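> Just a sequence and a predicted model for now, questions to come.
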Amino acid sequence: MAVEAETKQGNANLIGLEKTEYRGLETTLCQGCGHNSITSQIVTACFQLSIPPEKIVKVSGIGCSSKAAAYFLSRSHGFNGLHGRMPSIATGAVLSNPDLHAIGMSGDGDTANIGLGQFKHLVRRNVPMVYIVANNGVYGLTKGQFSATADQGLELKREGQNELPPVDICLEALVGGATFVARSFAGDPRQLSTLLKAALAHRGTAVLDVISPCVTFNNKDESPKSYAWGKAHEAPLHDITFIPYSPEMEIEYAPGELKRVSFEDGSVVWLKKVAADHDPGDRLAAIRLMEEARTEGHFVTGLIYVSADQPTFVEISRMSETPLARLPDDRLRPLPKTLDEINRKYA
Amino acid sequence: MSLQETLAKEDRAEPGRMVNNLSILVATVNGSGSQTANNVLLRALFKMGIPVSGKNLFPSNIQGMPTWFTIRANREGFVARKENVEILVAMNRTSLREDQLHLVPGGACLYPEDLPADRLRADLSRYPMPVTRLARESGAEASLRPYVANMVYVGVLAWELGVDLAEVEAALQIHFKGKASAVKLNFGVVEAAFHYATQNLQKRDPYRVERMRGTEGLILVDGNTSAALGAIYGGVSFAAWYPITPASSLAETLQEYLPRLRKDPQGGRNDFVIVQAEDELGALGMAVGAGWMGARAMTSTSGPGLSLMAEFSGLASYAEVPVVIWDVQRVGPSTGLPTRVSQGDLMFVHSIGHGGQRQVVLLPGPGECFEFGWLAFDLAARLQAPVFVLSDLDMGMNQWMVSPFRYPDRPIDRGKILTAQDLDRLGGFARYRDVDGDGIPWRTLPGTPHPKAAYFTRGTGHDENAEYSEDPGVYAANMARLGRKYATAAKLVPAPILRSNPGARIGFVGFGSTDPAIEETRHELLGEGTVTDYLRLRALPFTPAVEEFIVAHERTYVVEMNTDGQLFSLLKMDIPQGATRLRSLAHSDGLPLTAEWIAGAFRAQEESSHGR
């Protein structure tokens, strides 16, 4: 991602930090990758909310999405863990220090394939954290296999046609008992930023499914800028590593409107903003909304469901104010007389 | 002077009476509530001062299958399992034929009176018991009768062997945690049975127990309880687990004791958390997340669960995250024999994680589960690594006579952690730089309020600054540093325990729950004129003492409960200069190893290779 011009004096947030202090490393993802838009919005949201970066931890799984955890908040501790196992690392980390904000960065393969079990259990426990899925329906790092969120009928160059119905991450989250479910699109920075801030403010698990097109692998052969087309027209020196350029996209659309978004490579995503009269506090309505969207073949974006009623896993655990990770020695080791009592019991 | 030596000096029992030297086999049906009776009997013998062990040999089933409990009482302190027993309590008629095979000639058999006596071996002393009648007359409601019925054999055994009824009552008090009505009901049955036996039976066998002073100052406790308590005094603050036999009771004991011992002094809230995870992947993943954050984190499992933990073990090792992992071993491979004992995970745990990793593994003996329970946290924090503790079903689930738990003799070790003040002073840090030359770098905890505190933890290749790197030199240097760290671990782990006899040219090496069987074997061999030394290993990596021991003996026999001689192989690999001196005594059939087997296998090898 291009580094913006130096922030001018006076652009500090409420805690006196400038936006640059929320940045991460230079991205190594493909140019035009939707994930870069997401990381950029995370930077913006945390900056604007004036959260000290040291009060945030980043956790991620494995994949392009999970690599992206390095591309924001360099001043926050991060843990790029195992494929599909980010939820368990996050659970242990959050319980050990609930004073920190946790941002989980995952992908569709990481969450809906290998990590579906851990994802559902994290949601069920209502572990307080933001759980972002950068969802593009394909595996990037292993070069273009279908993920479980790939659309039925989608054709990919090497994999052929996907015959299986997709896993809908938002629907899974809802059914699993999630207390915050939202969907956005990487190319809609305004909505994404708003939802991120809402997610950071939510006290339980906030699931944010972000449609984030893969410009490299999820495209169509017949498209003029497809992988096949590019290869047919490439100069001999550029072999299979040829990657077509595709700029990040930004779109605008009104609530309630159904929108067809075409990419330069020919793929299409249907987006529909949640109608203004949708009550995000109504779980049944949320499930119906998702199901209707599925049968009609489009994505709903926006805040789908939110509830502040459920206790979080931290609250259920009834831990003391001092985080477990910060307990002093005298609260970790009971006094000698307690051991004498135990010894008497087994004598 | 050891217990054995002290006792060896005592007078032998007079001929015709066998005092404080017997094994009892209680054959019951599982789910019948015989555990109370067995543990009460065990505790009563222990309280009479007689060295004892109790081993529950049970099937992986909830109700209705044959199950056995063996008690060994031995005045000389040898409490390993015996191949044969002197006394059979035959409460299960379906297994009677097989159970009788374990009785020595002229052994004693207690049995419910409705069992056809002609099915018993002719050489046995027979003691029929009116089990149903005494249970009915106990006043217990019908649903409890099958349970109190087991107290009948406690009462008859007390008569037959001379068990002090006052100690039986005291043991019942402990078992029922002082609940008067339960103690009264059960003890009533014991007394009725004792009375019945006095009036109706005649003692025909030579087996007796008598009060002695062989358990003074000791406690009787299972290894999983010891391990959990050790973890609590080691400051465990985060435990995640998934139910699995035979490890479950370790986490359940944490659940029992943590709320009592580790409450916030002000508000009475918890200074700990225990999570029953969705699986073992989740359990270790949570513990790793907690360890990374700075909590004292652990999990406990057995072989199949450990298989699921392999990936996280590798990550924790390479990303250098402290975490404690108890493996209470059962019989594999695969699901294996879930309720049977083995030491078959040693090789797996040693190298768990792909790509050439070697792990730090503690090998507690029966009396060390508490100590290693707290020590493991200090080592994990100091080494910034997963520390595995290898127990087994016999050690973990059965009752052992051990020294009382000793309060940790040193303060809690948090390892190398930099605070915000340190960072101010240093101006920053490199997460994986070997500043001290011991291979152990410094770390910061997430949440440290300093702009230079953060680093990015990853399982991918990384440089000193924790940044992704595929640079060959960087990779090789990092692996070399991890090698130095492993060498440092060898200096920090518990040293092996040496038991030597002057002039010994033969050595034994073993670890864990086989200790009593090895000691008994050595005692037996000494009686035959074969002098041996014994090195009980307590950790991987091997300390220099291991090599010294092997090269100092003509032949060293490596005793272990697995089929493939895993410790034997590791020793040959790590100490090649001693390889030709090593012999393998590996055996696994699901049951705790006996001195009979070790001595027999030892003699066979000695004869085949040196008796020519």
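Yep, it's here.
> Endpoints of stretch B:504-515, how far apart?
Stretch B:504-515 has an end-to-end distance of 19 Å (criterion: Cα to Cα, to the nearest Å).
> how distant is it from the center of its chain?
Put simply, stretch B:504-515 sits 17 Å off its chain's centre (Cα atoms, centre = their mean, to the nearest Å).
> Using neighbour counts, pick out the buried residues of that stretch.
B:504, B:506, B:507, B:508, B:509, B:510, B:511, B:512, B:513, B:514, B:515 (16 or more other Cβ atoms under 10 Å in any protein chain shown). Bear in mind the C-beta positions are built from the backbone N, C-alpha and C, glycine included.
> hey, what's the fifth one bridged with?
Each beta-bridge partner of residue B:509 is listed here, defined by DSSP bridges: residue B:535, residue B:558.
> you'd agree it is up against residue B:556?
Yes. Contact criterion Cβ atoms under 8 Å: residue B:509 and residue B:556 qualify, at 5.7 Å.
> and the two most separated of the buried residues of stretch B:504-515?
The most widely separated members of the buried residues of stretch B:504-515, counting by Cβ to Cβ, are B:504 and B:513 (23.4 Å).
> List the contacts of residue A:151.
A:137, A:162, A:166 (Cβ atoms under 8 Å, 6 or more residues apart in numbering or on different chains).
> which one of the residues you listed has the most neighbours?
Neighbour counts for those (other Cβ atoms under 10 Å in any protein chain shown) peak at residue A:137, which has 26 neighbours.
> what's the closest non-adjacent residue to that one?
In this structure, residue A:137 finds its nearest non-sequential neighbour in residue A:150, 4.2 Å apart by Cβ to Cβ, 6 or more residues apart in numbering or on different chains.
> Could you report the pLDDT at that neighbour?
Reported pLDDT at residue A:150 in the predicted model: 87.
> my guess is it is in a helix, correct?
No. With DSSP: H, G, I helix; E, B strand; the rest coil as the criterion, residue A:150 is coil rather than part of a helix.
> Is it correct that it is in contact with residue A:163?
No. Applying Cβ under 8 Å as the test, residue A:150 and residue A:163 come out as separate, 10.2 Å apart.
> Distance of the residue nearest in space to the middle of chain B relative to chain A?
Nearest to the mean C-alpha position of chain B, counting by Cα atoms, centre = their mean, stands residue B:395 at 2.1 Å. Per Cβ to the nearest Cβ, to the nearest Å, residue B:395 is found 15 Å from chain A.
> and residue B:582, bridged to which residues?
residue B:556.
> and what of the one 4 residues further on?
In this structure, residue B:586 has the following beta-bridge partners (DSSP bridges): residue B:560.
> So it versus chain A, what's the distance?
Relative to chain A, residue B:586 is positioned 33 Å away (Cβ to the nearest Cβ).
> In this structure that residue contacts residue B:560, no?
Yes. With contact defined as Cβ under 8 Å, residue B:586 counts as touching residue B:560 (5.2 Å).
> ok, these two, which is more surrounded?
residue B:560 (25 against 20).
> tell me the contacts of that one?
Residue B:560 neighbours (Cβ under 8 Å, 6+ apart): B:343, B:346, B:510, B:511, B:514, B:566, B:567, B:568, B:585, B:586.
> Of these, which is the nearest to residue A:330?
Proximity of the contacts of residue B:560 to residue A:330 (Cβ to Cβ) peaks at residue B:511, which lies at 34.5 Å.
> how close does the closest one get to chain A?
Shown here: residue B:511 relative to chain A, a distance of 24 Å by Cβ to the nearest Cβ.
> For that residue, give its distance to residue B:327.
From residue B:511 across to residue B:327, the span is 13 Å (Cβ to Cβ, to the nearest Å).
> Let me know the outermost residue of chain B.
By Cα atoms, centre = their mean, chain B has its most distant residue from the centre at residue B:427, 47.5 Å.
> Residue B:380 and residue B:387 touch, don't they?
Yes. With contact defined as Cβ under 8 Å, residue B:380 and residue B:387 form a contacting pair (4.2 Å).
> For the two, list the residues in contact with both.
Listed as contacting both residue B:380 and residue B:387 by Cβ under 8 Å, 6+ apart are B:322, B:323, B:324.
> Could you list which of those belong to strands?
B:323, B:324 (DSSP state E).
> Return the member of the shared contacts of residue B:380 and residue B:387 nearest to chain A.
residue B:323 (9.3 Å; Cβ to the nearest Cβ).
> Excluding covalently adjacent residues, which one is nearest to residue B:203?
Nearest non-adjacent residue to residue B:203, counting by Cβ to Cβ, 6+ apart: residue B:160, 6.5 Å away.
> Check what pLDDT the one you found gets.
In this model, residue B:160 is scored at 97, pLDDT.
> picking that back up, who wins on neighbours among the shared contacts of residue B:380 and residue B:387?
With neighbours defined as other Cβ under 10 Å, the most crowded of the shared contacts of residue B:380 and residue B:387 is residue B:323; it has 34 neighbours.
> Right, I'll leave it there.
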